[in-house]
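A.B. asks: no sequence on this one, just coordinates:
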């Protein structure tokens, strides 16, 4: 009998992070890190897990969007899906009725990410490989078959993508070995949340350096004087050789971003992240021209490959921060990595939240092994929250992500954590409601 | 007692339009025109109606998104809301958790549109004015207070917006009288759906001219030879003086759009609409440069004012097609109209679907009276579907929209139609399920 995808299930899982002001920034004062958590099952008894990250309210909308995709998935032959994951992604993101909700953006696209990642997780489990390794062992031809070039060809053709991948083929084995031994460089956002007081900022900044990180990040954008003070304190705490990125989380208009950043310049910020609306390609380009050599970083809200294409074409970013569940998962991120390689822009994935560190490490490691072939000026974001809820949590050592070795994409949440944090009926939320 | 918003309700309403291939185009072969239909009620017994348009599957996600917004609305004092509709819109689109699903895009933004339009409808009913007239009688200061300039100032400042509105003040009364007498020019998409055969295309094209339309539109993008033939037939049917727009509904890549349109050039297409991804500002600019003097039109999928800003800054469109429920309703569309006026680009609203004609006529008429002050090269799209379900349906006469005179935004659906078309439990869908 043909093995089929037998079910696709989504659960609303929320963690009450707002109680501690972990994750507080200029636009997200009180996030409750949440996931539309997806489990795909096959008639043969296999499963895969993926998630779309949200920050609380609205997680139910992401769950509804996953459920709207489910009829497109349930009943498909497993081997057909895994044999044509490019086609599978296009099926989800190209449905002629559902695409009206996007196209390729918002809740429906995030839901597609969760489903696509769950299916990559299934693929990794069945082949007994972590997804970074599974991807890194695909041929250049198999990899370009994942990409939907329809809207990309004015920036990246199939042949150019093949060339990039073929050039990186010779060193794959050495780089895989290097990763397994040394891991992939990380930076930490843990010290810099807006809700932390100065003492906590200084203490955590010093701890980050002691822990081997060569870059930290501070949230800015709510209070200019406080930002100057906090950046000065952080700079004093870590010394001149540690990179300090700052992140405005979209708080500013274009000229405001330029003005505000000039007051932070004395303390040598390495990059300014999300200076303005994430949709404003031309605005980012203007900010970048004005602020060089301070770098411009963005991507966690860049909703699809067409937007990334334009950021690259317009010279609007120095650092591309792809996200595991904003674009449509692993498959679309292969296109994003190829675009970045074409334009010679380093990819430093967005992470944190819940499960993002777990998932993006696979993408960055694949990039190193089989696409860009380098970790120069590349770091994966790291935040030390909520990893204990995952069955294959990230492992950080001396400022590096150690390469995951368990099969899949590391997005599985412990069943007990899912049960406890189900919203609104799990015991954690029932206790909140009672308090 | 203070009058409050007492409830915000959303219903999943779908019309089985796919059975007739009405609305069929290159990307939407079988749409079921649908609405997340919103009713807002006050403790004093008033109500307002708005909707977000979708094309079938996924309408439930839009409904879920409206329900996620409801707690932000219920319980607010009515006078506070109507006295600061700019602040009300920012409340909906800026919620620190819900904005993660966008920001300002996708299902959550469409839901905000439905709610914002329902509240404008309420405002119109309470002041006994159609919304176009309500808007046209606001002062320039009241109008700019609706606009969120945070991300716009590099293209349009508050002072520039005030100047535009003040320049248009002197002629408001004459233009209002002109509208009431003559209506606003329309064009019709009715002849050109891809699912119609050549005979129906020719017959409906001739009927459109006989009915007084000076512009028609044809869907293209699925089959190049067929497009050449259909455009030739339509041109023969209507003669040289009727404008024929063509609409690819995003079917092409950038170069493909340029090549395909060159084969249609002999039949003098007036504009090419949605030649490629709606997010591709730079791609549209390239298409426009290559195809001039054929015009480039887009906007029905342009998800917010920041995207419109860039289309204008980049010289990427000749015709701006705002949508009633893609951007966040009347309030954000005031900003879009001001941007278009600043850049001197005509606005020709997207309509059709269900309820879009009813809503956008108010925006175009307001633009004429109080913003651009002209109807030159401006036409509202018209499609002759589903108007019978509305309590204040559009009235078309001699190729013009007659100005609505009933209070509100004309988005109220007959209660019997709502009941019949509720999905999935209404009798129309129960009959479908049984068939």
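C.D. replies: Alright, I've got the coordinates. Since this is a predicted model, take the numbers as computed values, not measurements.
A.B. asks: which positions in the lowest-mean-pLDDT helix or strand in chain A come out as buried?
C.D. replies: The weakest-scoring helix or strand in chain A, judged by mean pLDDT, DSSP states H and E, is helix A:427-434 (a mean of 90). Judged by neighbour count (16 or more other Cβ atoms under 10 Å in any protein chain shown), helix A:427-434 contains these buried residues: A:428-429. Every C-beta, even on glycine, is put in place using the N, C-alpha and C of the backbone.
A.B. asks: next one: stretch A:167-174
C.D. replies: residue A:168.
A.B. asks: so how far is it from its chain's centroid?
C.D. replies: 25 Å (Cα atoms, centre = their mean, to the nearest Å).
A.B. asks: quick one: contacts of that stretch?
C.D. replies: With Cβ atoms under 8 Å, 6 or more residues apart in numbering or on different chains as the contact definition, stretch A:167-174 has outside contacts at A:136-137, A:140, A:369-373.
A.B. asks: with distance to residue B:304 and pLDDT added, can I get those residues in JSON lines?
C.D. replies: Converted to JSON lines, the contacts of stretch A:167-174 look like this (distance: Cβ to Cβ, whole Å; pLDDT from 0 to 100):
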{"residue": "A:136", "distance to residue B:304": "38", "pLDDT": "98"}
{"residue": "A:137", "distance to residue B:304": "41", "pLDDT": "98"}
{"residue": "A:140", "distance to residue B:304": "38", "pLDDT": "98"}
{"residue": "A:369", "distance to residue B:304": "38", "pLDDT": "98"}
{"residue": "A:370", "distance to residue B:304": "36", "pLDDT": "98"}
{"residue": "A:371", "distance to residue B:304": "32", "pLDDT": "98"}
{"residue": "A:372", "distance to residue B:304": "32", "pLDDT": "98"}
{"residue": "A:373", "distance to residue B:304": "38", "pLDDT": "98"}
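A.B. asks: and the residues you listed, which two are the farthest apart?
C.D. replies: Spatial extent of the contacts of stretch A:167-174 (Cβ to Cβ) is set by the pair A:137 and A:372 at 17.0 Å.
A.B. asks: the more surrounded of these two?
C.D. replies: Between residue A:137 and residue A:372, counting by other Cβ atoms under 10 Å in any protein chain shown, residue A:372 is the more crowded of the two (22 against 15).
A.B. asks: and the nearest residue to that one once chain neighbours are set aside, which helix or strand is it part of?
C.D. replies: In space, and not counting its chain neighbours, residue A:372 is closest to residue A:341: 5.1 Å by Cβ to Cβ, 6 or more residues apart in numbering or on different chains. Applying DSSP states H and E as the criterion places residue A:341 in helix A:329-343.
A.B. asks: give me the mean pLDDT for that helix.
C.D. replies: What helix A:329-343 shows for mean pLDDT is 98.
A.B. asks: beyond that helix, next helix or strand please.
C.D. replies: Next in sequence after helix A:329-343, counting helices and strands by DSSP H and E, comes helix A:356-366.
A.B. asks: one step back: tabulate the contacts of stretch A:167-174 (TSV), appending secondary structure.
C.D. replies: What follows is those, written out as TSV (DSSP: H, G, I helix; E, B strand; the rest coil):
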residue	secondary structure
A:136	helix
A:137	coil
A:140	helix
A:369	helix
A:370	helix
A:371	helix
A:372	coil
A:373	coil
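A.B. asks: report the angle between the helix holding residue A:341 and helix A:356-366.
C.D. replies: Interaxial angle, helix A:329-343 versus helix A:356-366 (axes from the mean of the first three to the mean of the last three Cα atoms, to 10 degrees): 50 degrees.
A.B. asks: report the buried residues of helix A:329-343.
C.D. replies: For helix A:329-343, a neighbour-count test (16+ other Cβ under 10 Å) marks A:329-343 as buried.
A.B. asks: contact partners of stretch A:384-394?
C.D. replies: A:15, A:17, A:22-23, A:33, A:188, A:190, A:352-355, A:357-358, A:361, A:382, A:396, A:401-402, A:404, A:406, A:408, A:410-414, A:417, A:421.
A.B. asks: return the subset of those lying in helices.
C.D. replies: A:357-358, A:361, A:417, A:421 (DSSP state H).
A.B. asks: nearest to chain B among those?
C.D. replies: residue A:421 (15.9 Å; Cβ to the nearest Cβ).
A.B. asks: coming back round to it: drop anything exposed from the contacts of stretch A:167-174.
C.D. replies: A:136, A:140, A:369-373.
A.B. asks: residue ranges for the strands of the stretch 251-400 of chain A, please.
C.D. replies: Ranges of strands in the stretch 251-400 of chain A, per DSSP state E, counting those that start in this stretch, are A:269-273, A:295-298, A:319-320, A:380-382, A:396-397, A:400-401.
A.B. asks: residue A:187 reaches residue A:211, doesn't it?
C.D. replies: No: counting by Cβ atoms under 8 Å, residue A:187 stays clear of residue A:211, with 11.2 Å between them.
A.B. asks: my guess is residue A:285 contacts residue A:313, does it?
C.D. replies: No: look at residue A:285 against residue A:313 with Cβ under 8 Å: they stay out of range, at 9.7 Å.
A.B. asks: what's the nearest residue to whichever residue of the stretch 101-250 of chain A sits closest to chain B if we skip its chain neighbours?
C.D. replies: When scored by Cβ to the nearest Cβ, the stretch 101-250 of chain A has residue A:106 as its residue closest to chain B, at 1.3 Å. Counting by Cβ to Cβ, 6+ apart, residue A:106 lies nearest to residue B:106, which is 1.3 Å off, once chain neighbours are set aside.
A.B. asks: and if you look at residue A:405?
C.D. replies: With sequence-adjacent residues excluded and distances taken as Cβ to Cβ, 6+ apart, residue A:405 is closest to residue A:130, at 6.1 Å.
A.B. asks: neighbours around the one you found, how many?
C.D. replies: 25.
A.B. asks: list the residues that contact it.
C.D. replies: Contacts of residue A:130 (Cβ under 8 Å, 6+ apart): A:124, A:362, A:403-410.
A.B. asks: what's the answer for residue A:140, then?
C.D. replies: The contact partners of residue A:140, by Cβ under 8 Å, 6+ apart, come to A:162, A:165-166, A:169.
A.B. asks: secondary structure class for the residue lying closest to it once chain neighbours are set aside?
C.D. replies: Leaving aside its sequence neighbours, residue A:140 sits nearest to residue A:165 (Cβ to Cβ, 6+ apart; 3.5 Å). The three-state label given to residue A:165 by three-state DSSP is helix.
A.B. asks: kindly report the same for residue A:50.
C.D. replies: Per three-state DSSP, residue A:50 ends up strand.
A.B. asks: could you give the bridge partners of it?
C.D. replies: Beta-bridge pairing for residue A:50 (DSSP bridges): residue A:38.
A.B. asks: residues contacting it?
C.D. replies: Counting by Cβ under 8 Å, 6+ apart, residue A:50 has contacts A:38, A:40, A:113-121, A:325, A:329, A:359, A:409, A:411.
A.B. asks: dihedrals phi and psi, the residue most central in space within chain A?
C.D. replies: Nearest to the geometric centre of chain A sits residue A:323, at 2.5 Å (Cα atoms, centre = their mean). Note on residue A:323: its backbone torsions stand at phi -130, psi 150 [degrees, to the nearest 10].
A.B. asks: that one reaches residue A:353, doesn't it?
C.D. replies: No: taking contacts as Cβ under 8 Å, residue A:323 lies outside contact range of residue A:353: 9.2 Å.
A.B. asks: which residues touch the nearest residue to residue A:39 once chain neighbours are set aside?
C.D. replies: In space, residue A:39 comes closest to residue A:9 once its chain neighbours are excluded; the distance is 4.8 Å by Cβ to Cβ, 6+ apart. Contact analysis of residue A:9 by Cβ under 8 Å, 6+ apart lists A:38-41.
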